[in-house]
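Novice: Test case, fold it:
(chains A and B)
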Amino acid sequence: MRMSTFILRRTFYIVFSLFGLSILVFVLARVLPGDPARLAAGNNAPAWAVEQLRKQLGLDKPLYIQYFVWLNDVFHGNLGYSTTTRVDISSLVIKYLPASIELIVLAALFQIAGAFILGIIAGRYSYKAPDNLIRLVSYIGISIPAFVLAIILQLVFSYYFKIFPTTGELSTGIAGPHTVTGFVTIDSLIAGKFNVFGNALWHMVLPAAALCTGAMCQDARIIRSGMVENKDKDYISMAKSQGLPDRTVTLKYLLKPSMIPAVTVMGLDIAALMANAFLVEDIFNWPGFANLGLNFMINKDLNGIVALVLIIGIMYAIANIIVDVIVAYLDPRIRLMERGQ
Amino acid sequence: MQLMEKIRTIAKRYDIKRKWFRFSRSPLSVVGLVVVAVVIFLALAAPFITPYPRQAGLQTNLRDKFLPPSSKNLFGTDQLGRDVFTRTIFGFQYSLMMAGVVLLLVVPPGVVLGLIAGYYRGGWVDMAIMRISDVFIAVPPLVLALSIASVLTPSAFNAMMAVSLMWWPWYTRLTYNATSSVRNEYFVQASEVMGENSFRIMFAEILPNCLGSILTKITLDVGWVILLGSALSFVGLGAQPPTPDLGTMVAGGSIFLPGQWWISMFPAVAIIVVILGFNLLGDGIRDIFVEETR
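Specialist: As a prediction, this is how the structure comes out:
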């Protein structure tokens, strides 16, 4: 098994890219027009205060020294201080990240489940009514930007039908659980407060649905086309002629090779989930990392923006390594090739 | 006469007739083409066909604010009394311009870099170009575009710059893969043996073989660039008011939900229609090229 070298090589490339990314964002944030010290001090601050702040933040040093100082801090788990509010960014990240991860994980679950259900139905009944309907719906699903869908869902399901809550993480009047992990769902289960857990889930349904729809439709179409492509292959005819039930043929023999391209794309779709979270969290007033990041951006908080891009890059990298491993596991060609080398 | 002759030869060379036949067999592709054609027409004709063209700019009409849709204001009026129909049609203009500018800025350098990296595959040029493009792909496009746009002053121009800066690697990768796959074909080797210069081989021999997939990607990308642009506008990092931008209109109108739903919902539907149209068209174009390579 040469799986380990494969993963190591991928990890090396990703770490390299992350370094490049940190340089890119760091340099952009400091080279682009706009004086960071002036931004941090505010428009009305006197010139000497701006200069003092520039020294204090280390902005008077050459760019490469600033970068190495920053990098050294990052390796010590310190993302620096927000240039606008002077709050420790690491503590903000720890406070806001869990809510986003909860949302993204739920959205990913929706996405995977929905994609398989829709894709299998469409592939099983290809060129018949269910397939055509699913194709039409998924075309529209792919074309709706997540923030538009979020607003439409909010309008329909919380304003008109009042099934789901409009905004927030928990209903007013429901106290959050004692913080252990920072994840409201996990903490409420630890505390044994099942009503809080249910309430939290209830608040997550609409934002998660808005997040995952585009990616879900895309994946469903990939699964469907994979199944249609494999349907005419000899091994399927053989399985059928041996009298295997339809269900076994579809779910066991047809699905497995057809889902490999879909799983690969799902890795990329995680990017869509994380990016769309920026807009969707804003609409649902979700107290998450993306919402925090949006605040950084709007206030031009340079350290905050750099930290934000880096953390999202790391999360995306981890997700992609996991997907690579799953694909290598699913696809015997990759597995055997690795072994044969 | 000569021109017609020329068009005919070009059509023959690229087999336009058969491609069109195949394209027109798929109803969804035709729908896509029609939607795109209508949107482009509306955008170009916006000043002549909209009832209140001046309300796309600075003019306001506070007396008539928050009017629901009626025969006078098809899509109702917004918080400043401006006709939402007029502004939505003008919004198409901005969306298409955004997509056009970004793709014009992004496709040529992206494709050229991909060609070079693919042609000198395995060398240090390949290494440098592809590793740099990896850096831009290491983070979701929207996040990087948002970050870049946020350190700049928010404006339509800067939003286009931000989107362009993170979009080129996708064309580099696409062209790189396409180039690598024909790199060792006999016709390329033959040109090399004949002592053709590498510049000519890249652009005259290899590039034409990549055009199908590049064209498909361009069509599909119009939708994605519009989506990304509207997302930037939605958070206030794109076109600034009073520019009639669809994303800005959705964001501005969402405050008045659910009462005055028309202010945000019509622009929202307009965004969906544009993106859907280009997606359908792009898939149609891909189908004619994919069937060919099979």
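Novice: what about the chain, any weak spots by pLDDT?
Specialist: Assuming you mean chain A. The model of chain A has pLDDT under 70 over residues A:1-3, A:32-36, A:39-40, A:334-341.
Novice: switch to chain B, that's the one I care about
Specialist: Within chain B, the segments meeting pLDDT under 70 span B:1, B:290-294.
Novice: Please report how far the residue nearest the centre of it lies from chain A.
Specialist: Central residue of chain B (C-alpha atoms, centre = their mean): B:V222, 1.6 Å from the mean position. As for B:V222, its distance to chain A is 12 Å (criterion: C-beta to the nearest C-beta, to the nearest Å). For every residue, glycine as well, the C-beta is placed using N, CA and C.
Novice: for that residue, what are its contacts?
Specialist: Contacts here follow C-beta atoms under 8 Å, 6 or more residues apart in numbering or on different chains; on that basis B:V222 touches B:96, B:99, B:103, B:278, B:282.
Novice: For B:L207, which non-adjacent residue is closest in space?
Specialist: B:L115 (6.3 Å; C-beta to C-beta, 6 or more residues apart in numbering or on different chains).
Novice: Regarding the one you found, which helix or strand does it belong to?
Specialist: According to DSSP states H and E, B:L115 maps onto helix B:84-119.
Novice: continuing past that helix, what's the next helix or strand?
Specialist: helix B:124-137.
Novice: Please point out which parts of that following helix sit buried.
Specialist: Of all the residues in helix B:124-137, those buried under the rule 16 or more other C-beta atoms under 10 Å in any protein chain shown are B:126, B:129-130, B:132-137.
Novice: Between these, which sits nearest chain A?
Specialist: B:V135 (3.5 Å; C-beta to the nearest C-beta).
Novice: wait, the closest one sits on A:L24?
Specialist: Yes - at 6.0 Å, B:V135 counts as touching A:L24 under the criterion of C-beta atoms under 8 Å.
Novice: Give me the three-state assignment for B:T9.
Specialist: helix (DSSP: H, G, I helix; E, B strand; the rest coil).
Novice: what number of residues lie near it?
Specialist: 10 (other C-beta atoms under 10 Å in any protein chain shown).
Novice: Quick check: the gap between the residue nearest to B:P68 when sequence neighbours are not counted and B:L58.
Specialist: Leaving aside its chain neighbours, B:P68 sits nearest to B:G76 (5.1 Å; criterion: C-beta to C-beta, 6+ apart). To B:L58, B:G76 is 20 Å away according to C-beta to C-beta, to the nearest Å.
Novice: if I pick B:R63, what's in contact with it?
Specialist: Applying C-beta under 8 Å, 6+ apart, the residues near B:R63 are B:G81.
Novice: what about it, which SS state?
Specialist: Going by three-state DSSP: B:R63 is helix.
Novice: Relative to chain A, how far out is it?
Specialist: In terms of C-beta to the nearest C-beta, B:R63 sits 27 Å off from chain A.
Novice: now B:F66
Specialist: 17 Å.
Novice: Also B:A231?
Specialist: Counting by C-beta to the nearest C-beta, the gap from B:A231 to chain A is 6 Å.
Novice: May I ask which helix or strand encompasses that residue?
Specialist: Assigned by DSSP H and E, B:A231 falls in helix B:207-234.
Novice: any idea which helix or strand carries A:S237?
Specialist: Using DSSP H and E, A:S237 falls in helix A:234-241.
Novice: what's next to the strand or helix carrying A:T185, contact-wise?
Specialist: For A:T185, the element it lies in under DSSP H and E is helix A:184-190. The contact list for helix A:184-190, computed with C-beta under 8 Å, 6+ apart, reads A:98-99, A:102, A:169-170, A:176-181, A:194, A:196-197, A:200-201.
Novice: Helix or strand next in line after it, which one?
Specialist: With DSSP H and E, the next secondary element past helix A:184-190 is helix A:194-231.
Novice: Could you list every helix and strand that that following helix packs against?
Specialist: Applying 3 or more C-beta pairs under 8 Å, 6 or more residues apart in numbering or on different chains; DSSP states H and E, we find helix A:194-231 packed against helix A:89-124, helix A:129-143, helix A:146-153, helix A:184-190, helix A:255-283.
Novice: closest to A:A215 out of the ones you listed?
Specialist: helix A:255-283 (3.7 Å; C-beta to C-beta).
Novice: who's more crowded, B:G76 and B:L58?
Specialist: A direct count of neighbours by other C-beta under 10 Å for B:G76 and B:L58 places B:G76 higher, at 23 against 8.
Novice: if I look at the more buried one, how far off is B:F66?
Specialist: B:G76 is 8 Å from B:F66, by C-beta to C-beta.
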